[in-house]
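Engineer: Sequence and predicted structure below; questions after.
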Amino acid sequence: MTRKLTYLNYLKQDLLPTQWCPGCGNGIVLKLACQSLEELNFPKKGTVVVSGIGCAGRSAGFFNLDSVHTAHGRAIPVAEGIKLANEKLNVIVISGDGDLLGIGGNHLLHASRRNTDISIICIANAIYGMTGGQYSPTTELGSKTLTTPSGNTDTPIDVQALIKAHNCFYARSTTYHLKHAMKCMVEALKHRGLSFAEIKTQCITNDGRRRGFKNGYEMLMYYKDNYKINNNSNELKHNEIGIVG
Amino acid sequence: MAKKKGTVHIDHNRCKLCGICVSICPVQNYKINQHKLKELGKCIACMQCERYCPDMALIIDTKDGKDTPTG
Amino acid sequence: MAKILLQGNQAIALAAIKAGMKFFAGYPITPASEILHELTNKKEVKVLQMEDEIASVNAIIGASLAGVKSMTATSGPGFSLMQESIGYAHMMEVPLVIVNVQRVGPSTGMPTFPAQGDILQCKYGSHGDYFPIVFYPNSVDELYKYTITAFNAAEESLSPVILLSDGYVGHLYETIETVDYPVSERAMAPLGTSNRHFTGLTHEDSKPATSNPEVHKKLIKHLETKQKKVSKKYNDYEYIENNSSDTLLIAYGAMSRASYNFKDDYSIFRPIRIFPIVEKIKEIAKKYKEIIVMEMNTGQYKSEVEKLLHREVKLVPILGGKIDLQDIWGGLRRLKRGK
């Protein structure tokens, strides 16, 4: 008999397949989130997932929990409202980098200042994928996108510094480093106070192809080659992944 | 060639043919043929494909019933 | 019941607590800040001062979904920032109360002076089709009453209900009697009890349906019917009939208080539920040769009344935040002379 993937019970499996492109990393993050919820044995009643807009924003709808799909950039204030109105709930935000750091950047700044007890999982694909591939706040310098055809000239946002400035939990990982990424999420979910887990995620359709990658696998290998695990530092360099607590 | 240890279950309804499993499999157990993912019966139950499949379309049954990866 | 001297904004705060509000998020803005101040020291309410009005309205959406009655209060500039999320709350069917204490606009305008420039913004401010219920009381006593009414209408219609006020009524002190008005309880199950998906996308049974026009038509029809049904319970207006007059003056909020000075020469109609417009106005209007709306804008409600009655409606606009009886007289006389 086929083994059952028990963590999938956290998803509405009749909604699968997801509408994301072939090779998209969002599915990996979704799966890791479910595995983390299972590992911590989060109750289905009593846990709420909140997301914003964009490809990543669609994640909330797949969870077999009460979930809220908010307006663009507004996942964090909605999550804060939920948490502060009922502190017994576990409130998890899963959304993209454009949503959390771009249009919703001000909310992140202030939520971390308030240190509201919510866990944020940021699907950081460094691109606005759903709208066709415009550059996002985490797009690396020199990266070619639809709106930076000769390479991005704007410095990517230093979200680590922003979160750390308010002494909140910050962790970074990639969709290649599955075990590490899951550890980041588990620690983020366990953390009391605001926690932010940034998962570098591949977007092959609207980002990778413009940058010369042929498929999702090549982007995963790029993460493998370019990010080194460093769990013993208070500050991650730009090519390091780790937990800085 | 490694001895077969795993049985592959492919959910074709979920599979989007992204090819991550094809590339990531250390024993080249997968190929995409005529718009369908095919499995060649060489699975060593390393679980990489199941873990990396973004669409939750793969389940590997191991002989001993454990889901701990070998690699 | 007790007699108490209150400012308009204070009355809103106290009535909200009476209505069972447990969560308030806001951002300081003249002339609405007193609502935030008044609530800050109340132990029954969780009060959050957010980073902006967008965060405020979204926080109360979250809190309301989590099962507690929630409210925010602002003025024109903040209300403009909230518009996207107001449409969002209509789409998700979240009960909320949003108070807008109007000041002179556009833009920063005259922050300490009253105006009525947000009338159409209440109805059309967000994108897409939605059907808000809007109350606009004209005294401290009524602010108290209609704050509770707004909460009730929000719970019954599962939608954001807007309570309009203005810098004049909001800062007015009056002695009121705090009547125990009936309160509607929360019927919707709170978050964390099921597996519902709340989304701003066109949806059916908790599932997004973004490519099916039939689902969207059904959803919009549902929002419209729901609003019609609930607003029927609140056909609130004031009508002062003057049998010797062939002209009906329509005024609301601060301007309606000025309009009482003209009741010897005109009949006066004051809508309290300003949207959807009280249907009774159609019947009343038939008796009059002329209809004049006086309001603190360049004809926002006038155009809505015209649309409803299919006839010409005249206007006395009072701009700049100062209500001067001479100005109003002048305006009415000019209309009489046909200019």
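Structural biologist: The structure has been received and is ready for your questions. Numbers count the residues shown, from 1 in each chain, chains lettered A, B, ... in the order given.
Engineer: distance between the ends of stretch C:175-195?
Structural biologist: In stretch C:175-195, first residue to last residue: 48 Å (CA to CA, to the nearest Å).
Engineer: Please identify which residue in chain A comes closest to chain C.
Structural biologist: With distances taken as CB to the nearest CB, chain A approaches chain C most closely at residue A:81, which sits 2.6 Å away. The C-beta positions use only the backbone N, C-alpha and C, and glycine is treated the same way.
Engineer: count of neighbours near that residue?
Structural biologist: 33 (other CB atoms under 10 Å in any protein chain shown).
Engineer: who does whatever helix or strand it lives in touch, helix- and strand-wise?
Structural biologist: Residue A:81 belongs to helix A:75-85 when elements are defined using DSSP states H and E. Under the contact definition 3 or more CB pairs under 8 Å, 6 or more residues apart in numbering or on different chains; DSSP states H and E, helix A:75-85 sits against strand A:47-51, strand A:90-96, helix A:105-114, strand C:21-26, strand C:46-49, helix C:53-65.
Engineer: most neighbours per residue, which of the ones you listed?
Structural biologist: Mean neighbour counts were taken over the helices and strands packed on helix A:75-85 using mean count of other CB atoms under 10 Å in any protein chain shown, and the top value, a mean of 30, falls to helix C:53-65.
Engineer: Does it reach chain A?
Structural biologist: Yes - counting by CB under 8 Å from any CB of the partner chain, chain A is contacted by helix C:53-65 at C:54, C:55, C:56, C:58, C:59, C:60, C:61, C:62, C:63, C:64, C:65.
Engineer: near chain B, which residues of chain A show up?
Structural biologist: With CB under 8 Å from any CB as the criterion, chain A meets chain B at residues A:2-3, A:5, A:8, A:11, A:16-18, A:20-28, A:31, A:178, A:204, A:215-217, A:220.
Engineer: what distance separates the start and the end of stretch A:87-100?
Structural biologist: Distance across stretch A:87-100, first residue to last, is 22 Å (CA to CA).
Engineer: model confidence over that stretch, on average?
Structural biologist: Stretch A:87-100 carries an average pLDDT of 97.
Engineer: Go ahead and measure how far it is from the middle of the chain.
Structural biologist: Its chain's average C-alpha position is 9 Å from that of stretch A:87-100, according to CA atoms, centre = their mean, to the nearest Å.
Engineer: And stretch C:93-100, by the same measure?
Structural biologist: Going by CA atoms, centre = their mean, the spacing between the C-alpha centre of stretch C:93-100 and its chain's C-alpha centre is 10 Å.
Engineer: At the geometric centre of chain B, which residue do we find?
Structural biologist: residue B:49 (4.7 Å; CA atoms, centre = their mean).
Engineer: before we move on, the earlier item: out of the helices and strands packed on helix A:75-85, which gets nearest to residue A:224?
Structural biologist: Go through the helices and strands packed on helix A:75-85 one by one with CB to CB and the one that ends up closest to residue A:224 is strand A:90-96, at 22.3 Å.
Engineer: any idea which helix or strand comes after the closest one?
Structural biologist: helix A:97.
Engineer: That next one packs against which elements?
Structural biologist: Using 3+ CB pairs under 8 Å, 6+ apart as the contact test, the elements touching helix A:97 are strand A:119-124.
Engineer: Can you name the next helix or strand after the strand it packs on?
Structural biologist: Scanning forward in sequence from strand A:119-124, with DSSP H and E defining helices and strands, the next element found is strand A:127-128.
Engineer: ok, that following strand: who's next to it in the sheet?
Structural biologist: Taking DSSP bridges as the criterion, strand A:127-128 sits next to strand A:134-135 (antiparallel) in its sheet.
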